[in-house]
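[1] below is the sequence, then the predicted model.
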Amino acid sequence: VMEVPVAAHRPYDLQLRRTVAGAAVEDLLREARVQPLASGISYLVNGPTGQPFEPYLEFVAATALTRSQTKPSLTKSRLTVEAYASDLCDFFAFLDAAKRRWEEADEVDAYCYIDTMVEHPSPATGKPYADETIRRRLSSVRSFYRWARSKGVSRTNLELVDAGECLRARRYQGGPGDAVPPIAPAADREVRPFPPAELQALLLALGPNIALDPDPDLGAMSPTAIRNRLMAECSYHSGIRRTEVVELQAAQILQCSPDTSSPYLMLPIRVFGKGAKWRTVNMPAWLVLALQRYHAGPRAAALGDNVDHGFLFVAHSAARSGDRLSAKYFDDVFAAACIKAGLHHPADPAIGKYTVHHLRHNFALATYFSRKKNGDPEPWIYIQAMLGHEYLETTLRIYLRAAKALEGIYADYFDKAFREMVNNA
């Protein structure tokens, strides 16, 4: 098989090559019982040695090529296979520059790769990457690692990487209708807890804590602020995703009977999560009681005589009163609260220092320290169930290193704050 170099792609080890095989060469390959790639298909080779990158060839053979020995053909479009080669070449170049082995890449690497495309223009065109290009590249990378995982050659699982969250990272101009504040740069994707003072400032910027007063005057408070604070509390105290917060069903909250004499008793709540799956999470009784107050007061007033759609959190603006909310709206609310609380990213004051996802990180670390102190030898099993991770290794990979690094600093704080946050703001 002749190898015809394609135009230079990236100045790293892996390069794109294209197969050009004549009839005589194809006959020789068939006689040797070797399945050739379809003519003209790109693949990856090591630049210095010229040797093919075999994992990619196996991936293409398994996912995009027929098993025919006489006339191999593609089972996917040629454009798709070409995208696989180009996208994976770029991703492996990124890993190479970061001195990361491809088998050991994880979710943090994938997010940093997306951040790089968001923050820097394409070297080929000099223009910003189109969102669709970023989504396609992540899809190619996911497909490759899905195959590698199925073959046991890598344990990397990138199914939970959310390109959509990254793609909202556009510069914020500060006016109504402008693009939302971008999420923090790659360094801030590392799992880290909120310092106590910053967490309290952020929660106060979101809204009042209606759990403090046994009989709060909800009519004197902003219904939007009450809702915003409760949405954040749900993620912070149960670890549910931002999408799961906005899709929380009112019926799941109303069926609980919280005991006011046991405010920290955990109550089971069903949430609808990723993969269209239901799972059970735990919420403290005081938070469930606060959610029930919101349902009976601000939510009922916003819904009025409209048909009840069943979602707990609703819009309170005159134009959309009673409508359900989107995850993007929650992102916007949280980003604005960060700015209001003075929690700016040091590299750009227009960027919030935290995202909603940091609440989920905080929950995982707080739960780890609390359960470990109370004698649970395997706190990750519980945390995996609460977070809805399909694979335990996802929980371990994301949080284990952070927990070990932070244990000496934050263990005592989490042991108190996680159970007493209701009294802190």
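    That came in fine, so what should we check first? Worth saying up front: this structure is predicted, and the values here are computed from it rather than measured.
[2] going by C-alpha atoms from here, please, whenever you check contacts or count neighbours.
    Noted.
[3] tally of neighbours for A83?
    17 (other Cα atoms under 10 Å).
[4] with W102 instead?
    16.
[5] can you tell me how far it is from D115?
    Separation of W102 from D115 (Cα to Cα, to the nearest Å) stands at 18 Å.
[6] next: H316.
    34 Å.
[7] next one: G273
    Applying Cα to Cα to G273 and D115 gives a distance of 25 Å.
[8] isn't T280 right up against P268?
    Yes: under the criterion of Cα atoms under 8 Å, T280 makes contact with P268 at 6.1 Å.
[9] poorly predicted segments of the stretch 51-200 of the chain, please.
    67-73, 162, 164-190, 192 (pLDDT under 70).
[10] can you show me the helices along it?
    Secondary structure of the stretch 51-200 of the chain by DSSP state H, counting those that start in this stretch: the helices cover 54-64, 78-97, 107-119, 131-150, 163-167, 196-206.
[11] could you do the stretch 301-425 of the chain as well?
    327-340, 356-373, 379-387, 392-420.
[12] single out the most deeply packed of these.
    Of all the helices of the stretch 301-425 of the chain, helix 356-373 has the most neighbours on average by mean count of other Cα atoms under 10 Å, namely a mean of 22.
[13] hang on, L265 packs against A285?
    Yes: between L265 and A285 there is a contact at 5.5 Å, judged by Cα under 8 Å.
[14] look at these two and report which has more neighbours.
    Neighbours were counted for L265 and for A285 using other Cα under 10 Å; A285 has more, 22 against 14.
[15] ramachandran angles for the more buried one?
    phi -60, psi -40 (degrees, to the nearest 10).
[16] now it: how far from P258?
    5 Å.
[17] okay, and the common contacts of those two?
    L267 (Cα atoms under 8 Å, 6 or more residues apart in numbering).
[18] I'd like to check which residues are in contact with Q252.
    I269, R270.
[19] from here on, call the first residue 3.
    Will do, 3 is the new start, and the previous item becomes Q254.
[20] restricting to C-alpha, output the strand or helix carrying it in CSV.
    Element membership for Q254 (DSSP states H and E) is helix 252-256. Coordinates of each C-alpha in helix 252-256 appear next as CSV, following Å, rounded to 0.1, in the frame of the first residue of the first chain:
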residue,chain,number,x,y,z
ALA,A,252,-42.9,18.7,42.5
ALA,A,253,-44.6,15.4,43.2
GLN,A,254,-41.3,13.9,44.5
ILE,A,255,-41.0,16.7,47.0
LEU,A,256,-44.7,16.7,48.1
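[21] give the next helix or strand downstream of it.
    Once helix 252-256 ends, the next helix or strand along the chain (criterion: DSSP H and E) is strand 268-275.
[22] by how many degrees do that following strand and helix 381-389 diverge?
    If you take axes from the mean of the first three to the mean of the last three Cα atoms, to 10 degrees, strand 268-275 sits at 60 degrees to helix 381-389.
[23] after strand 268-275 comes which helix or strand?
    Next along from strand 268-275, by DSSP H and E: strand 279-286.
[24] please report the distance of M233 from V335.
    Taking Cα to Cα, one finds M233 at 10 Å from V335.
[25] one more: L327?
    Distance from L327 to V335, by Cα to Cα: 11 Å.
[26] state the pLDDT value of the residue nearest to L256 when sequence neighbours are not counted.
    Spatially, and ignoring its direct neighbours in sequence, L256 is nearest to Q294 (6.4 Å; Cα to Cα, 6 or more residues apart in numbering). On pLDDT, Q294 comes in at 96.
[27] what of Q37?
    Confidence score, pLDDT, at Q37: 55.
[28] please apply the same query to S328.
    91.
[29] H311: neighbour count?
    Using other Cα under 10 Å: H311 sits among 13 other residues.
[30] scratch that, A252 is what I was asking about
    With other Cα under 10 Å as criterion, A252 counts 17.
[31] now do A320
    8.
[32] where are the low-confidence patches of the stretch 303-427 of the chain?
    403, 407, 410-427.
[33] can I get stretch 373-390 in CSV, CA atoms only?
    Extracted in CSV, the C-alpha atoms of stretch 373-390 (Å, rounded to 0.1, in the frame of the first residue of the first chain):
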residue,chain,number,x,y,z
ARG,A,373,-18.8,9.4,55.8
LYS,A,374,-15.2,8.5,56.2
LYS,A,375,-15.1,10.2,59.6
ASN,A,376,-18.2,8.2,60.6
GLY,A,377,-16.5,4.9,59.8
ASP,A,378,-17.6,4.2,56.2
PRO,A,379,-14.6,2.2,54.7
GLU,A,380,-15.9,2.8,51.1
PRO,A,381,-17.6,6.2,51.0
TRP,A,382,-17.2,6.2,47.2
ILE,A,383,-19.9,3.5,46.8
TYR,A,384,-22.5,5.9,48.3
ILE,A,385,-21.1,8.9,46.4
GLN,A,386,-21.3,7.0,43.1
ALA,A,387,-25.0,6.2,43.7
MET,A,388,-25.8,9.8,44.7
LEU,A,389,-24.0,11.4,41.7
GLY,A,390,-25.4,8.9,39.2
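[34] who's in contact with that stretch?
    Applying Cα under 8 Å, 6+ apart, the contact partners of stretch 373-390 are 240-243, 275-276, 281-284, 366, 369-370, 392-394, 397-398.
[35] ends of stretch 346-358, what's the gap?
    15 Å.
[36] list the buried residues in that stretch.
    H346, H347, A352, I353, G354, K355, Y356, T357, V358 (16 or more other Cα atoms under 10 Å).
[37] about what we covered before: okay if I get the helices of the stretch 53-202 of the chain as JSON lines plus distance to L250?
    Formatted as JSON lines, those follow (distance: least, Cα to Cα, whole Å):
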{"stretch": "helix 56-66", "distance to L250": "37"}
{"stretch": "helix 80-99", "distance to L250": "36"}
{"stretch": "helix 109-121", "distance to L250": "26"}
{"stretch": "helix 133-152", "distance to L250": "27"}
{"stretch": "helix 165-169", "distance to L250": "20"}
{"stretch": "helix 198-208", "distance to L250": "19"}
